[in-house]
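Enquirer: Structure for this input, please:
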Amino acid sequence: MDFARRLAFAASAAALFAAPVSAQQAPNTSGAINDQLNWGDVFSNMLVVSRGDARAATSSATSVGNAVSGANLVGGLTASSTQANTGAIFAWSEVDAQNTREAVAIATSQGNAAQAQTVDGDLALDGAQTSGPGDAFAGAKISAANTRTISAGASTANNNFATAAENGDLTVNLAQTSSGSSYAVVDVDAGRSRDTVAGASAAGNAYGSSSYTSTANADYAQTSTGPQVYASTAVDQVQARNVTAASTATANSAGIDNQWGYAQIRGRQANTSSVYTESSVTLGTWNGAALVSSNGVGNSTLATNVGSDMALDVAQQNDGSVISGAFFEGSGSGDAVVASTAIGNAITGYVCSQCGDAVLAGTTSQTNTGNIASTGTINATTSGQLIGSASAIGNSATFITTSRNN
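Expert: From the prediction side, this is the model:
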């Protein structure tokens, strides 16, 4: 299993947190203390212009206030990390082309970014991230005449932390606080293309963990108080075969995945930020599939365990509004699927056992006071199948136990 790939950050440069040790030192437990403070604004901008024919036009921009990465690939890691960012983080990526086979624009903006990983050893981590009052903004724009493929993406997170352990226990105590806004915007304006994929993702606080043959103990507290968490994707083309446009905005997000070991999860999530997400696609003609989705969540926890029991203790409080919209307009023979979802609090617990019984136990609490709204429209002159759905939910909790063969 390639844990480095699963946890790869979009940040192009990261400070050294705990360097991998050599095979001669195994077994080994490394120790590290990280303390980072960024007060200034961080800005990146990349513009690629092609006025003739080009095989490919690619633009990438990445801005990070504080970045730290550490791994021990032959042993354990005991670490403490503190990151504080008060500056504004801005990343803009743009492609302006005539005729090209491939047009790509990617923008990533993060106030604080951290990653820790171990293989054949335990991971013990105490982490704290604070970001704000400066905002995080990432924007990607593509303007093109005729292309085969278009790929545009923008992602932001005021705080982002990822952990992984393989063949060793994982113990994490993490606190994340976001007091700035988070904006991710994608805009595609093109003539003709075969395939277009565009997506925007914005988060106040994000935590992701993956562990294998491990006993996992994850304790996290996330608080988002910034004015807004905003994601928008807009695609406007004269002609296309297949188009996918997706936007996701989440104030607090936690995803913990453990396999082949007991898992104990404790989470506290509180949000007062307004969450807004929108995806829109306008096509002159299309003859393939148009997929338009928009998902907004105040607080989200996804916890999964394979092969053993899991104890779940999660409390969520959402006091911010959550608004989601998905819109499509076009004419042609293609199919269109439009989905919009807005949720105040969402918890999903999943346990799967290879053999015998798997037990999911614990307590959860959800309180929502914010307004939740979801809207969608499909406006097509001629078309194939048209499918639309809009869902608005104050609190959502799902618990599943199953066996590998089910």
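Enquirer: buried set for stretch 383-397?
Expert: Applying a neighbour-count criterion of 16 or more other Cβ atoms under 10 Å, the buried positions in stretch 383-397 are Ser383, Gly388, Ala390, Ala392, Ile393, Gly394, Asn395, Ser396. In short, each C-beta sits where N, CA and C put it, glycine included.
Enquirer: now swap in stretch 236-244 and tell me
Expert: Judged by neighbour count using 16+ other Cβ under 10 Å, the buried positions of stretch 236-244 are Gln237, Gln239, Ala240, Arg241, Asn242, Val243, Thr244.
Enquirer: Among those residues, which pair sits farthest apart?
Expert: Considering Cβ to Cβ, no two members of those lie farther apart than Gln239 and Thr244, which are separated by 16.0 Å.
Enquirer: mean confidence score for whatever helix or strand Ile347 lives in?
Expert: Assigned by DSSP states H and E, Ile347 belongs to strand 335-353. Averaged over strand 335-353, pLDDT sits at 95.
Enquirer: What pairs with whichever helix or strand comes after that strand, parallel or antiparallel?
Expert: Elements were assigned by DSSP H and E; along the chain past strand 335-353, the next helix or strand is strand 360-368. Take DSSP bridges as the rule and strand 360-368 pairs in its sheet with strand 310-318 (parallel).
Enquirer: Helices of the chain, start to end?
Expert: Under the criterion DSSP state H, the chain contains helices at 3-6.
Enquirer: Report the residue spans of it with pLDDT below the cut-off.
Expert: Under the criterion of pLDDT under 70, the regions of the chain flagged as low confidence span 1-27, 354-356, 404-406.
Enquirer: measure the nearest residue to Asn28 once chain neighbours are set aside to Ala218 for me?
Expert: Closest residue to Asn28 apart from its sequence neighbours, by Cβ to Cβ, 6 or more residues apart in numbering: Gly75 at 3.6 Å. Distance of Gly75 to Ala218, computed by Cβ to Cβ, to the nearest Å: 21 Å.
Enquirer: Give me the more crowded residue out of the two.
Expert: A side-by-side neighbour count of Gly75 and Ala218, using other Cβ atoms under 10 Å, places Ala218 first with 23 against 19.
Enquirer: That one touches Arg268, doesn't it?
Expert: No. Between Ala218 and Arg268 there is no contact, the gap being 11.9 Å when judged by Cβ atoms under 8 Å.
Enquirer: which residues in the stretch 51-200 of the chain form strands?
Expert: 75-85, 89-119, 123-131, 136-166, 170-178, 182-212 (DSSP state E, counting those that start in this stretch).
Enquirer: Including distance to Val49, could those strands go into CSV?
Expert: Formatted as CSV, the strands of the stretch 51-200 of the chain follow (distance: least, Cβ to Cβ, whole Å):
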stretch, distance to Val49
strand 75-85, 32
strand 89-119, 5
strand 123-131, 33
strand 136-166, 10
strand 170-178, 35
strand 182-212, 15
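Enquirer: what's the closest of these to Thr62?
Expert: With Cβ to Cβ as the measure, strand 89-119 is the member of the strands of the stretch 51-200 of the chain nearest Thr62 (4.7 Å).
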